[in-house]
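J.: predicted model follows, preceded by the sequence.
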Amino acid sequence: MMSRNNGHKPDITPVISLERVSKLYRQGHEIVHAVNEADLQVFPGDFVSITGRSGSGKTTLLSLIGGLTTPTAGRVGIFGQALESLEDVPLSTLRASRIGFVFQFASLIPTLTALDNVRLPGLFNSAQVDPKDAADLLGWVGLAGKTNSFPSELSGGQQTRTALARALANRPDLLLADEPTGNLDVETEHEILTLLRDLNRQRGMTIVLVTHNPELARHGTRHLIMDNGNLTEVHSEKVLSLG
Amino acid sequence: MKDITLPALALQNLRRKPYRTVVIGLCVAVATGSLFAATIVLRGVQHSLDVGRARLGADLVIVPAGYEISAQEAFITGQPSTFYMPADVKTDIAALPGVQQTSAQVFVETLSNASCCIGEFFLVGFEPDTDFTISPWLATHLDGKGLGPYDIIVGDRILLREGETVIFYGTAFKVVGVLERTGMGIDRTVYVPMEGMRRMIADSAELAEVTLAVAPDEISSLLISVAPAADVLDVAEMIEASLDNARVFTASQLNQAVASQLQGVLGVTFGVTAALWLMSLLTIGLVFSLIVNERQRELGILRAMGARRQAVFRLVMGEAGLLTGLGGLGGLAAAGVLLAGFSRLIQLRLHIPYLLPNWIEIIGASLLLLLLSLLTGALASLPPALASSKMEPYAAIRKGE
Amino acid sequence: MKRISASGMVTAVLGLLIVLTPVVLPVCEGLLELASGKQIPMRCHWTARAEMLFGVIIMALGLMIAFLKSPGERRRLHHQAAILGAVTILTPLFIIPTCDNPDMACNVGTRPALIILGGLVLLAGLLGSRAPKTPPAAEAFA
Ligand SMILES: Nc1ncnc2c1ncn2[C@@H]1O[C@H](COP(=O)(O)OP(=O)(O)OP(=O)(O)O)[C@@H](O)[C@H]1O
Ligand SMILES: [Mg+2]
């Protein structure tokens, strides 16, 4: 596994490729460079951690990768396809079948139980999510007893974990997780990260994880830092040896 | 376990705001229901008029001048009314070209009866030899037996059954037939052979508390059938010219009073309904743009999960359609129940004839109105649905924050 | 089950409407003269009286349902309300029938109104008496 991301072999199609991608926002007279000419190639099996200060552009970057927003400049490629060339239907199909999102904020549908929230992605995929699989996923994130609870009956951390279970429901090839451990205690946080690492190692799931906590970044195989819209990769022996 | 579907999701959304859902649903229900009721009443009246006109059998009716309105009421709504004119009109008219047959009638009103279950009756004396209003019916129902002077035929709304005896003004009559329901005045009419009628009038001085002041040579109306080759209006004009103190109506003119009365009532109803509809449309449009706005993030999240633009569009439209569809269905059901329960009350209060339209018409009207309520929802939610499906997912998600 | 029960409030309002029905849509007003010369009210007068009484009871039941806490108690009262709803329907039809002439006030107005309202009470009682949705936790073990 390690060899894949070490080699950066040109014959392997990158899961994500960013070429001088920028996203600008106009705030009054000011122009904010939320993401500034980012270059990145993520390969199958990579576990990329992104850290950076608040407002540095991490969420914007994830949204660009998932095609939830279009770049002001540059090219975004996903699973070998140029995002700009993708129409709504193929892009949606791609999201439904191959990408899982975990948002930074509460993102559960309030009218559905935890279990149904996890089953929801099946609605947009060719196959419904088996309720048993959904229950297993909830058990996996430590919420076995909460399947019939509504989001309003869950704690913030439980909601985030449900959202993680939901992101995994369609067995995605790529997981984009924005602070999935933001509300969690140290112990639960550790459990979740172990879980992600297992997914990455055992199933070869490609993961991009945004976190405030530099400690967590060590769980990944690669570490990037976002600073004021500028994306740079940290090449440190420590990261590799720990991963 | 049930599958998660877009309609199920839409239904959950409606349940989330029960108050709002109920208010909008009621709005649509009232609009749909009143339109349905107005339509059914209108059709019911027309149906009743058609049946009644066919039953009347006459092409033209002559009544004394000054009693035009009473006559219309008598024929259409069965409001007992009495008016008389000399019988010699008959001989003048019968000689006119184009007149095929004439038959006189005499109207008498029964005394208001204090006993619980018998109200006022409208007695119509008819000439069995020339009559073409109920004689055709008699021919098929009396098995060729002759009609005695005291044998009467009653409308469906008179609570007398065949074989029963009833006393009017001291004279006993025997019921020999009950007419089928028309929804018109005929239903509350008692048909008495002219001979029996004349005798009853004559005997009333002796046998009844009140003496009927009808001279033997007076009639109330003269029914005329026009020869098939002749033009009804031409004949009517000719008769009109020959009459001094009487007026002639065509069968359709008889319906005029009812029609104009209805136009007033229904005009208001349709006007109010239209206004209500427009308001519902605007309200639903407004509310759905609010709903869509407050759910922007949710819709964005659905997009991130792989929902296509079309799915978001369908979700919003589906929610509106479900709401207005259920509202419409509720309104139809409520209007149906109220109409079934109170049609008689409406009929009596508005003085209109009414007969339930046939089921095909009722079902057709229901389906059409249901479609209309669904269209209302679709139309009102189209702009917000389009807007939300066009929104960039990330912007939608941020907007809801 | 802390909330005021909606079906209880609906039942109470329906009860009130039943009480008001003979006021808004009065039964026949005339008096009957017996052979003895005594004046007595028509039969439908008593129908109205009985129905007003049922209306009051239904109203009371509805209020009790609305403010009672115990689900079991609520269900029992819902059943009672449903039975009274049925009685409200049956009274003008069979128990104390209204007058015979279908065109009289009691038959064109009062009776259909009472039947419709009785039907709604019956419906509210039946729907309300169905077991309240079990909370998620209990359902998981069911
Ligand atoms: N829709 C927008 N309109 C204007 N400015 C925006 C918009 N979205 C993001 N920004 C700006 O872009 C910058 C990056 O925002 P982003 O949400 O990507 O930061 P972040 O790294 O995820 O921060 P945090 O760690 O607090 O979540 C911020 O300065 C923000 O104000
Ligand atoms: Mg962020």
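T.: Yep, it's here. Ligands and ions are numbered 1, 2, ... in the order given.

J.: what residues sit buried inside the top helix by length along chain C?
T.: Using DSSP state H, we find that the single longest helix of chain C is helix C:43-67. Buried residues in helix C:43-67, counted by 16 or more other CB atoms under 10 Å in any protein chain shown: C:43-45, C:47-48, C:50-51, C:54-55, C:57-59, C:61-66. (C-beta placed from N, C-alpha, C; glycine too.)

J.: elements contacting that helix?
T.: helix C:6-24, helix C:71-90, helix C:111-129 (3 or more CB pairs under 8 Å, 6 or more residues apart in numbering or on different chains; DSSP states H and E).

J.: helices of the stretch 251-400 of chain B, start to end?
T.: Under the criterion DSSP state H, counting those that start in this stretch, the stretch 251-400 of chain B carries helices at the ranges B:251-254, B:256-294, B:296-304, B:309-350, B:359-390, B:393-399.

J.: quick one: the last one near ligand 2?
T.: No. Shown here: helix B:393-399 not in contact with ligand 2 (CB under 5 Å from the ion), separated by at least 10.3 Å.

J.: list the buried residues of that helix.
T.: Residues of helix B:393-399 classed as buried by neighbour count (16+ other CB under 10 Å): B:Pro393, B:Tyr394, B:Ala396, B:Ile397, B:Arg398.

J.: export those residues to TSV and append columns for pLDDT and distance to B:Leu207.
T.: Output for those, formatted as TSV (pLDDT from 0 to 100; distance: CB to CB, whole Å):
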residue	pLDDT	distance to B:Leu207
B:Pro393	90	93
B:Tyr394	90	97
B:Ala396	88	90
B:Ile397	86	93
B:Arg398	83	95
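
J.: tell me the one of those nearest chain C?
T.: Comparing those against chain C with CB to the nearest CB places B:Ile397 closest, at 27.7 Å.

J.: pull the contacting residues for that closest one.
T.: B:Ile397 makes contacts with A:Leu68, A:Phe103, A:Ser107, B:Gln296, B:Arg297, B:Gly300, B:Ile301, B:Ala304, as judged by CB atoms under 8 Å, 6 or more residues apart in numbering or on different chains.

J.: swap in 6 Å and give it another go.
T.: B:Arg297, B:Gly300 (CB atoms under 6 Å, 6 or more residues apart in numbering or on different chains).

J.: could you list the low-pLDDT ranges of chain C?
T.: Residues of chain C that meet the criterion pLDDT under 70 lie in C:1-2, C:32-35, C:131-142.

J.: re the thing from before, just send the helices of the stretch 251-400 of chain B back as CSV, with distance to ligand 1 too.
T.: Listed next are the helices of the stretch 251-400 of chain B as CSV, based on distance: least, CB to the nearest ligand atom, whole Å:
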stretch, distance to ligand 1
helix B:251-254, 71
helix B:256-294, 16
helix B:296-304, 12
helix B:309-350, 19
helix B:359-390, 16
helix B:393-399, 5
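
J.: would you tell me which one of those is buried the most?
T.: Comparing the helices of the stretch 251-400 of chain B by mean neighbour count (mean count of other CB atoms under 10 Å in any protein chain shown), helix B:296-304 comes out on top with a mean of 24.

J.: what lies in contact with that one?
T.: A:Leu68, A:Phe101, A:Ser107, B:Val312, B:Ser388, B:Pro393, B:Ala396, B:Ile397, B:Lys399, B:Gly400.

J.: how is chain B carved up into domains?
T.: B:6-49+B:258-400, B:66-244 (automatic domain parsing).

J.: measure B:His141 to chain A for me?
T.: B:His141 sits at a distance of 65 Å from chain A (criterion: CB to the nearest CB, to the nearest Å).

J.: show me what contacts that residue?
T.: Neighbours of B:His141 in contact, by CB under 6 Å, 6+ apart: B:Gly177.

J.: quick check: closest non-adjacent residue to residue 82.
T.: I'll assume chain A. Spatial nearest neighbour of A:Ala82, excluding adjacent residues (CB to CB, 6 or more residues apart in numbering or on different chains): A:Arg75 at 6.2 Å.

J.: not quite, I wanted chain C
T.: Nearest residue to C:Ala82 in three dimensions, chain neighbours excluded: C:Gly125, at 2.8 Å (CB to CB, 6+ apart).

J.: and if you look at B:Pro64?
T.: B:Met85 (4.0 Å).

J.: give me phi/psi at the one you found?
T.: phi -150, psi 160 (degrees, to the nearest 10).

J.: quickly note the distance from it to B:Ser220.
T.: The gap separating B:Met85 from B:Ser220 is 7 Å, by CB to CB, to the nearest Å.

J.: who touches the closest residue to C:Ala60 other than its chain neighbours in this structure?
T.: Spatial nearest neighbour of C:Ala60, excluding adjacent residues (CB to CB, 6+ apart): C:Gly15 at 7.4 Å. Taking CB under 6 Å, 6+ apart, we find C:Gly15 in contact with C:Gly55, C:Ile58, C:Met59, C:Gly62.

J.: which one of those sits closest to A:Val15?
T.: Top of the list for closeness to A:Val15, among those and by CB to CB, is C:Gly62 at 63.1 Å.

J.: and B:Val61, what element?
T.: strand B:60-64 (DSSP states H and E).

J.: what does that strand contact?
T.: Contacts for strand B:60-64 (CB under 6 Å, 6+ apart): B:71, B:83, B:85, B:221-224, B:236, B:246-250.

J.: considering the residues you listed, which member attains the minimum pLDDT?
T.: Ranked by pLDDT, the contacts of strand B:60-64 bottom out at B:Ala71 (79).

J.: wasn't it part of a helix?
T.: Yes. Under DSSP: H, G, I helix; E, B strand; the rest coil, B:Ala71 falls within a helix.

J.: ok, and the closest non-adjacent residue to it?
T.: Looking at B:Ala71 with CB to CB, 6+ apart, the closest residue is B:Val63, at 4.1 Å.

J.: which one's the longest helix in chain A?
T.: Every helix in chain A considered (DSSP H), the longest is helix A:186-203.

J.: circling back: going by mean pLDDT, which of the domains of chain B comes out lowest?
T.: When mean pLDDT is averaged over each of these, domain B:66-244 scores lowest at a mean of 81.

J.: quick one: distance of it to the chain centre.
T.: Relative to the centre of its chain, domain B:66-244 is centred 24 Å away, using CA atoms, centre = their mean, to the nearest Å.

J.: how far does it stretch from one end to the other?
T.: 12 Å (CA to CA, to the nearest Å).

J.: hang on, the earlier thing: parallel or antiparallel, which strands does the strand holding B:Val61 pair with?
T.: Note on strand B:60-64: by DSSP bridges, its sheet partners are strand B:221-226 (antiparallel), strand B:246-250 (antiparallel).

J.: can you report how many residues lie near A:Leu108?
T.: When counting by other CB atoms under 10 Å in any protein chain shown, one arrives at 25 neighbours for A:Leu108.

J.: look up how far chain C lies from the nearest residue to it once chain neighbours are set aside.
T.: Nearest-residue entry for A:Leu108: A:Pro151, 4.0 Å, with adjacent residues in sequence omitted and distances by CB to CB, 6+ apart. Counting by CB to the nearest CB, the separation of A:Pro151 from chain C is 12 Å.
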